[in-house]
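I'll drop the sequence and a predicted model, then ask my questions.
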Amino acid sequence: MYRFLLSLRWLAAAALAVAAALVMVRLGEWQLHRYEERHAINTRIDAADSTKAVPLTSVVPVPTTAGKAGPAPGSSVAWTKVTFSGQYDPSHEIQARARTVNGDVGFEILTPLMLSDGGGVLVDRGWVPAPEAGALAAPTVPPAPAGQVTVVGQVHLSESRPTPIEHRDGRLDTRRISVPRLAEQMPFPVYGAYILLTGQTPANSKAFSEIPIDHEDDWQNAGYTVQWWLFACMPLYAFVYYARKEAQLRAGVPLKKAASPPPTGDRVEEADRELAAARTAPADPAEAAAPVGRAEAASPAGRAEAASPAGHAEAASPAGRAEAASPAGRAEEASAKAACPASRTEEASAKAASRAEAAGRAEAADPAGRAPEAAPADRVGAKGQVDRKQAEKAARKQAEKEAADRKRAAKIERIRAEAVRKAPVDRVEEADRKRAEAEAKRKLAAPSGQD
């Protein structure tokens, strides 16, 4: 049943589906790795207050070349709590402008701290607001403490997209803190990351504001992981679905068809079909099989009306046929019926009463010679009364049905008229149609034997 899967086309489709699934699985694994990295960073940020600081040289490589930055630590070291001691070098102090803290723009001040090994560490001592003269004016910076200083802080990796470095107000001025770019301005080796100060002995000046540390959005990567793995299932599912569908087609199993939308044809044609169905629809089978119909057919008045030549003549009249076949006559008849439902109901009731009265007179005028075949007087009277009630009931039902038919016909005519009014009409076709209708009326109205 599934031998067709060994064909070249289906083998290529299977290989493509598997390859797409593998690529998406790998993308999901990459996002999972990013989630783990960011989650570890957030863990180190949250644990900074309760974790013991480690020596700086145990997590950041020692630089060896003057004027250059040492090797940068990996992302697994970011925000690690470290401690080290040395002396500040205020002659190579750095100000990073346009730095925002709590919505305010100011400067971050970085001062190199010289260690005993001859290397320097850039220490971000904190944030100071911009002066009232503007963001480009020189900020008021508390001096760095002299002598031996012990610093506790968190490792901050060098920022990307470095900007030019300028000398302004006796300091190095920059927009982005790029350690390799800043190390070129120093006469000593510089460690490959800078330290965000959290504690110091002696204490740091209160003029500095602590720089907040933003957490990484690790849940975003977790969502991407699940998304890629769900995507990996889609090509495999599609291959299995179409393979099963192909197998069913080859086995001759009928497929489920979706429900077809409703027809959107010409509204004029649909209205004509509904009108024709309403005119040619037979009466209710229950009413046709009711005893009332048998009573009316068996009554003398009913037989007389059914056998009346006038009825046959009216039905066989050419004018009557022409009027029945004319679309204009149908429209006028439907409008007339819709306009006077009450009069039709009264007319049907009057006809039923006259039929019952005629039946009573026929029974009263029956000759004596037929008396043995007729029913007794009391049974005849009771039967006539029952016939009258049933005839009135049937007349009411027929009148209600005719009223409903007239409403339906009027509605269809309104829809047809609206559709004809909105639809573009070819004047030549309209003239031909009217000419054909007039010719048909003339032929139907002509006496028999004449053309």
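Received the coordinates, thanks. All of these numbers come straight from a predicted model, not from anything done at the bench.

Okay, helices next: where are they in this protein?
8-46, 179-183, 218-251, 267-280, 285-288, 291-298, 300-306, 309-316, 318-325, 327-339, 341-364, 377-422, 427-445 (DSSP state H).

mean confidence score for the shortest one?
Regarding helix 285-288, the rounded mean pLDDT is 44.

Same question for the fourth one.
On average, the pLDDT along helix 267-280 is 70.

phi, psi of Ser178?
Backbone torsions of Ser178, given as degrees, to the nearest 10, read phi -100, psi 110.

ok, it to Pro187 distance?
Ser178 sits 18 Å away from Pro187, taking CB to CB, to the nearest Å as the criterion. (C-beta placed from N, C-alpha, C; glycine too.)

And for Lys389?
According to CB to CB, Lys389 and Pro187 sit 125 Å apart.

Among these two, which residue is more densely surrounded?
Taking other CB atoms under 10 Å, Lys389 and Pro187 do not tie; Lys389 has more neighbours (13 against 10).

Find the nearest non-adjacent residue to Ser158, please.
In space, and not counting its chain neighbours, Ser158 is closest to Val179: 4.0 Å by CB to CB, 6 or more residues apart in numbering.

Next up, the contacts around the one you found.
Shown in contact with Val179 (CB atoms under 8 Å, 6 or more residues apart in numbering): 69, 72, 122, 158, 190-194.

Where does pLDDT dip in the stretch 351-451 of the chain?
Applying pLDDT under 70 to the stretch 351-451 of the chain flags the ranges 351-384, 420, 422-428, 446-451.

can you do 90?
351-399, 401-451 (pLDDT under 90).

and Ala135, how many neighbours does it have?
Neighbours of Ala135 (other CB under 10 Å): 13.

so who does the residue nearest to it when sequence neighbours are not counted touch?
Closest residue to Ala135 apart from its sequence neighbours, by CB to CB, 6+ apart: Val105 at 5.7 Å. Val105 sits next to 98-99, 129-130, 135 when contact means CB under 8 Å, 6+ apart.

So Val105 versus Arg161, what's the distance?
Using CB to CB, we find Val105 at a distance of 19 Å from Arg161.

Throw the contacts of Val179 into TSV and include pLDDT, neighbour count and distance to Arg414, thanks.
Shown next, in TSV, are those (pLDDT from 0 to 100; neighbours: other CB atoms under 10 Å; distance: CB to CB, whole Å):
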residue	pLDDT	neighbour count	distance to Arg414
Ala69	91	23	87
Ala72	90	16	83
Leu122	95	24	87
Ser158	91	20	80
Val190	95	26	90
Tyr191	95	28	90
Gly192	93	21	86
Ala193	94	26	84
Tyr194	95	27	84
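
Compile those into JSON lines and extend it with columns for distance to Cys233.
Listed next are those as JSON lines, based on distance: CB to CB, whole Å:
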{"residue": "Ala69", "distance to Cys233": "46"}
{"residue": "Ala72", "distance to Cys233": "39"}
{"residue": "Leu122", "distance to Cys233": "49"}
{"residue": "Ser158", "distance to Cys233": "41"}
{"residue": "Val190", "distance to Cys233": "50"}
{"residue": "Tyr191", "distance to Cys233": "47"}
{"residue": "Gly192", "distance to Cys233": "43"}
{"residue": "Ala193", "distance to Cys233": "42"}
{"residue": "Tyr194", "distance to Cys233": "45"}
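
Just flag the most distant two among those residues.
Taking CB to CB, the two most distant members of the contacts of Val179 are Ala72 and Leu122; they sit 12.8 Å apart.

Who are the contact partners of the nearest residue to Ala251 once chain neighbours are set aside?
Spatially, and ignoring its direct neighbours in sequence, Ala251 is nearest to Met1 (6.3 Å; CB to CB, 6+ apart). If you count contacts by CB under 8 Å, 6+ apart, Met1 has them with 247, 250-251.

Can you tell me how far the nearest residue to Ile177 once chain neighbours are set aside is from Leu122?
With sequence-adjacent residues excluded and distances taken as CB to CB, 6+ apart, Ile177 is closest to Glu159, at 4.9 Å. The gap separating Glu159 from Leu122 is 12 Å, by CB to CB.
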